[in-house]
Structures are given as C-alpha cells and as structure tokens.
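Q: kindly return the folded structure for what I paste below:
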Amino acid sequence: MFIVGLPRSGTSLLEQMLASHSQIETAGETLHFEEMLERHGVDFNNYHSSLAALNHETLDTIARKYIGCLE
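A: Residues are numbered from 1 along each chain as shown. Take a look at the predicted model:
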C-alpha cells in the first residue's frame with residue numbers, strides 16, 4: 001500500500017498512527033517515488049492528468065522499482 005499526499009495533508013500523522021502497529025513498517029518521507037514518477041514522464045505541473053495517463057503496467061513497474069529502493 002502506498003500513501004501519497006501533499007504537504008500539510010495529514011500523511012505524516014497517518015504514517016505515525018500506522019507505524020504504531022507491530023505488523024506495519026513505514027519508509028518515512030522519501031523522494032524515491034517522485035523520482036520514479038518523473039522517470040516515467042509524470043509532469044508535476046500537470047500532476048493529476050499526467051498521473052491519470054499512466055497505464056496499469058507502468059504503475060506496477062513504478063511500484064516494484066520503488067519497493068526495490070526501500071529494501
């Protein structure tokens with residue numbers, strides 16, 4: 001599961017709450033996800049439509065690469 005949000009949107013608080021569970025590990029704030037999206041053509045000036053244009057295979061690839069960065 002990925003939790004992604006804008007600054008000041010509550011994601012850090014949610015991460016802290018989830019991290020208190022013994023079976024959940026969190027990665028903290030990283031730039032890896034942003035870097036992965038940029039490599040696959042996501043334009044952060046037009047984030048929503050750019051992200052929506054990605055197909056499931058590309059999103060799966062991004063997710064696998066991201067998890068690989070965290071291990």
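
Q: what's the residue of the chain most remote from its centre sitting at in phi/psi?
A: Among the C-alpha atoms of the chain, the one most distant from their mean position (CA atoms, centre = their mean) is that of Ser22, at 21.7 Å. Here the main-chain torsion angles of Ser22 (degrees, to the nearest 10) amount to phi -70, psi -20.

Q: quick one, what contacts it?
A: If a contact means CB atoms under 8 Å, 6 or more residues apart in numbering, then Ser22 has no contacts. (C-beta placed from N, C-alpha, C; glycine too.)

Q: how far away is it from Thr11?
A: Between Ser22 and Thr11 the distance is 21 Å, computed by CB to CB, to the nearest Å.

Q: the closest residue to Ile3 other than its chain neighbours and Leu18: what is the separation?
A: The shortest distance from Ile3 to any residue that is not its chain neighbour, by CB to CB, 6 or more residues apart in numbering, is 5.6 Å, and that residue is Thr11. Thr11 is 10 Å from Leu18, where distance means CB to CB.

Q: since that was my last question, I'll sign off now.
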